[in-house]
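J.: Would you be able to build a 3D model of this:
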Amino acid sequence: MRLLIDTHAVLWWLLDAGRLSRTARAFMGDPATRLYVSVVSGFEIETKRRLKQLDTGDWDPSTMPRWLESEGFLSLDLALEPALLAGRLPAHHNDPFDRLIIAQAMHEGIPVLTSDRAFHKYDVEVIW
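T.: Prediction:
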């Protein structure tokens, strides 16, 4: 199975796995699951840190590429098609980062691992 991991789930895996659901931990810990992290998550993390909306403690996000590789996560680049799709999505969710992740999941035809209930309003499979 392939899964696109929402930003908060990536951070919780890294910083506070106790916040992940039992289902999320099972999928993320299963070597048969191909876990993808959007490049949008990197942009979101650094943007929210700059705006003082996110505290990553001692963890330096510049280490994220190496950390993802060591955990077996795959990076999902943002292509033009899902970027355009994100702009056309209904405004059920006002977070532009999440709308891009939703559009990527729709474009790739893969579920999103997220606790964000707003994702259910879109035509995307949500696992939590």
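
J.: Mind pulling up the pLDDT for Ala17?
T.: Note on Ala17: pLDDT of 69.

J.: ditto for the one 3 residues further on
T.: Turning to Leu20, the model gives it a pLDDT of 95.

J.: residues near it, how many?
T.: By other CB atoms under 10 Å, the residues close to Leu20 number 20. Glycine gets a C-beta too; all of them are placed from N, C-alpha and C.

J.: Check Leu78 too.
T.: Neighbourhood size, Leu78 [other CB under 10 Å]: 17.

J.: Not counting its neighbours along the chain, what's nearest it?
T.: Counting by CB to CB, 6 or more residues apart in numbering, Leu78 lies nearest to Val39, which is 5.5 Å off, once chain neighbours are set aside.

J.: Now for the one you found: which residues touch it?
T.: With contact set as CB atoms under 8 Å, 6 or more residues apart in numbering, Val39 has these partners: 75-78.

J.: any idea which of those is closest to Arg2?
T.: Leu76 (9.7 Å; CB to CB).

J.: Output the below-cut-off pLDDT ranges for the chain.
T.: Flagging of the chain using pLDDT under 70 yields the residue ranges 17.

J.: At which residues are the helices of it located?
T.: All helices of the chain, identified by DSSP state H, fall at 7-15, 22-29, 39-50, 64-71, 80-88, 96-108.

J.: from the chain's centre, how far out does the fourth one sit?
T.: If I follow you right, that is helix 64-71. With CA atoms, centre = their mean, to the nearest Å as the basis, helix 64-71 stands 14 Å off its chain's centre.

J.: Of the helices of the chain, give the one that comes closest to Gly57.
T.: For these, the distance to Gly57 is smallest for helix 7-15, at 6.8 Å, taking CB to CB.

J.: counting contacts, what elements does the closest one pack onto?
T.: The contact analysis (3 or more CB pairs under 8 Å, 6 or more residues apart in numbering; DSSP states H and E) places helix 7-15 against helix 22-29, helix 39-50.

J.: Residues contacting the shortest one from elsewhere in the structure, which ones?
T.: By CB under 8 Å, 6+ apart, the surrounding residues in contact with helix 22-29 are 1, 3, 5, 9, 13, 17, 20, 33, 35, 113, 115, 127-128.
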